[in-house]
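Trainee: show me the folded form of this:
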Amino acid sequence: SQRAVRCDCVLLRDASGRVLAVRRPSTGMWASMWEVPTMERAGPGAPATDPRALSRWIGGMFSVEHGPLRRAREFVYQTTHREFTATVWETSLLAASKHRSSSTTKAAPRAGLGASAGTDNGVMTGLRWVTRAEFVGLGVSNFQRRVVGEASPAPTPRDREWAAPQGVAGTPRSRGRSPG
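Mentor: As a prediction, the model looks like this:
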């Protein structure tokens with residue numbers, strides 16, 4: 001039987017449209033992989049998170065001020081031993097937020113609501129602001145790829161460029177024939 005896990009995944013964007021990525025703890029499922037800020041709760045019938053509580057968790061855990069949370073979608077993801085029900089939320093940093101929006105940021109988390117992401121014994125292991133393409137390139141689970149892929153807007157030209165095979169011409173070469 002699969003263990004039920006409810007996840008609230010937050011796509012927190014800065015003014016450039018990059019999302020906050022957090023490194024998971026070095027033990028457990030998806031150890032040391034990257035994810036968007038995710039609050040996990042185990043147990044069958046775990047209640048949906050109240051947006052106000054989730055907002056307080058984001059502000060406290062990552063020391064940021066953000067706009068209203070918008071529920072983007074919900075989906076179910078299954079692994080061999082777990083069934084994840086994920087709610088994906090989107091929000092943006094407020095212009096007045098004092099949080100540094102550099103590409104690499106280190107911070108110490110504050111007490112949260114049972115979040116498992118981004119800490120090893122209470123010490124934040126890594127935060128980064130990344131584009132969608134950079135996020136997928138960090139080393140993320142298929143679950144998190146789905147979180148970002150299904151909730152993010154259409155890929156930007158930079159994202160499409162990142163995904164294109166390198167060194168491939170736009171048209172196939174003719175073999176053994178000279179042009180015209």
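
Trainee: now the helices for the chain?
Mentor: Per DSSP state H, the chain has helices spanning 51-62, 132-137, 142-151, 157-163. These are given in chain order.

Trainee: in the third one, which residues are buried?
Mentor: In terms of neighbour count (16 or more other Cβ atoms under 10 Å), helix 142-151 has its buried residues at 143-144, 146-148, 151. Every C-beta, even on glycine, is put in place using the N, C-alpha and C of the backbone.

Trainee: still on that earlier bit, can you say which of the helices of the chain is nearest to V19?
Mentor: Closest approach to V19 among the helices of the chain is made by helix 132-137 (6.3 Å; Cβ to Cβ).

Trainee: just checking, what packs against that closest one?
Mentor: Here helix 132-137 is seen to pack against strand 19-23, helix 142-151, helix 157-163 when contacts are counted using 3 or more Cβ pairs under 8 Å, 6 or more residues apart in numbering; DSSP states H and E.

Trainee: please redo it, this time with the cut-off set to 6 Å
Mentor: Applying 3 or more Cβ pairs under 6 Å, 6 or more residues apart in numbering; DSSP states H and E, we find helix 132-137 packed against helix 157-163.

Trainee: lowest average confidence, helix or strand, in the protein?
Mentor: Taking mean pLDDT, DSSP states H and E as the measure, the chain has strand 104-105 as its least confident helix or strand, at a mean of 42.

Trainee: tally of neighbours for R3?
Mentor: 12 (other Cβ atoms under 10 Å).

Trainee: quick one: contacts for it?
Mentor: When contacts are counted by Cβ atoms under 6 Å, 6 or more residues apart in numbering, R3 touches R82.

Trainee: now it: how far from F84?
Mentor: Noted for R3: a distance of 10 Å to F84, by Cβ to Cβ, to the nearest Å.

Trainee: in the sheet, who's paired with the closest residue to E74 other than its chain neighbours?
Mentor: On the basis of Cβ to Cβ, 6 or more residues apart in numbering, the spatially nearest residue to E74 that is not a chain neighbour turns out to be T87, at 4.9 Å. In this structure, T87 has the following beta-bridge partners (DSSP bridges): D8, E74.
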